[in-house]
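Colleague: What follows is a predicted protein model with its sequence.
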Amino acid sequence: MNPPQPGTVHAVLEDFLGHWQGTTRLAASAWAPERLASAEISFTRAAGGFAVVQSYRHTEANGSHFEGHGVFTVDPDHNDILWYYVDSMGQPPGAPVRCTWVDGVLRVERHSDRGTARHTFRVDDGILTHIAELRLGDGQSFVPFMSSECRRA
């Protein structure tokens, strides 16, 4: 039996690796108006090349902040990318979710009892974009929640 080889996950995420800074636009909601926050995102190889760790943090003008951390790895039995994620909202992390990778766009849908969060990551012309959309309860469509645009720091 051949041991697994590192590198598969970061070969897909190669363009994402590094430290990024920019802005996050948070959509208006029942809790707050639309607003901008300064954002930092990093993607780092980990676990001997078998994973990529994602760290996200945004800070709003009033000093409040949000942070989230993900780990991307490969399911060797299915050659899929998996995403484990936890953030400062306090909900326990769920099971890892499978990602799709099409034409340089990484998409993840996380399902919970509250609804579905869809995350889209891509790098175009040196700009990292991360869009998060929500579909709450039995809603039929996704609603924008946040959009980040960052450049390498």
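Modeller: Okay, I see it.
Colleague: pLDDT averaged over stretch 32-48 - what is it?
Modeller: The average pLDDT for stretch 32-48 rounds to 94.
Colleague: Run the chain-centre distance for it.
Modeller: Taking C-alpha atoms, centre = their mean, to the nearest Å, one finds the center of stretch 32-48 at 8 Å from the center of the full chain.
Colleague: Enumerate the positions of it that are buried.
Modeller: Residues 37, 39, 40, 41, 42, 43, 45 are the ones in stretch 32-48 that count as buried (16 or more other C-beta atoms under 10 Å). Any C-beta I mention is one placed from the backbone N, CA and C, and that applies to glycine too.
Colleague: And stretch 138-148, by the same measure?
Modeller: For stretch 138-148, the neighbour count (16+ other C-beta under 10 Å) marks 142, 145, 146, 147, 148 as buried.
Colleague: so which of these would you say is closest to residue 71?
Modeller: Within those, the smallest distance to residue 71 is 18.9 Å, found for residue 148 (C-beta to C-beta).
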